[in-house]
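Chemist: model this:
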Amino acid sequence: MSPYKNELHAFDVDERASFMPPSPPLTRLPQLWELWETILDAAIHAKLQLGGKVGLAVEEAEVSEAWRVRVRQLPVIPICELDSPMLLRRAHLVLAYTLHLYIHTLPLTSPICIPKPISLPLNKKANVLVHVLGKRIL
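Modeler: Residues are numbered from 1 along each chain as shown. Below is the predicted model:
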């Protein structure tokens, strides 16, 4: 047994997997949060373009705006049942990617206003992570 075993666990380092999680990450959230997964899938499928892209076509801007409208129309989904680090990590990934896509597809002249269906769960999830993971970074 390694004399450093306790130190490794103090830093959330797995003896076998090192800094990687000991088990594979979730590839999708459960059904309750499927809308988040679906909206992210839609963004990837649509190949959204940066709002500040030089030569952005009108059609590309319209596709991005239609996707952002869908994001704004999402319901605010509760996160109280995200009760494991694996679920919390996947939720963080999906919401963070959605947030970045939302912001970076905005026209450069648009004010940045994060819609509640993204901002509220992200904020609540961050607070939950502090308690569940004991103030450790994801």
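Chemist: from now on I want contacts and neighbour counts done on CA atoms only, so please keep to that.
Modeler: Fine.
Chemist: count the neighbours of Leu48 for me.
Modeler: If you count neighbours by other CA atoms under 10 Å, Leu48 ends up with 20.
Chemist: any idea which element the closest residue to it other than its chain neighbours lies in?
Modeler: Nearest in space to Leu48, with sequence neighbours left out and distances taken as CA to CA, 6 or more residues apart in numbering, is Ser64 at 5.8 Å. Taking DSSP states H and E as the criterion, Ser64 maps to helix 58-73.
Chemist: please apply the same query to Ile103.
Modeler: Using DSSP H and E, Ile103 sits in helix 85-104.
Chemist: how big is the angle separating that helix from helix 58-73?
Modeler: Relative orientation of helix 85-104 and helix 58-73, computed by axes from the mean of the first three to the mean of the last three CA atoms, to 10 degrees: 140 degrees.
Chemist: on contacts alone, who are the packing partners of the helix holding Ser64?
Modeler: helix 34-46, helix 116-132 (3 or more CA pairs under 8 Å, 6 or more residues apart in numbering; DSSP states H and E).
Chemist: buried sites along that helix?
Modeler: Glu60, Ala61, Val63, Ser64, Glu65, Trp67, Arg68, Val71 (16 or more other CA atoms under 10 Å).
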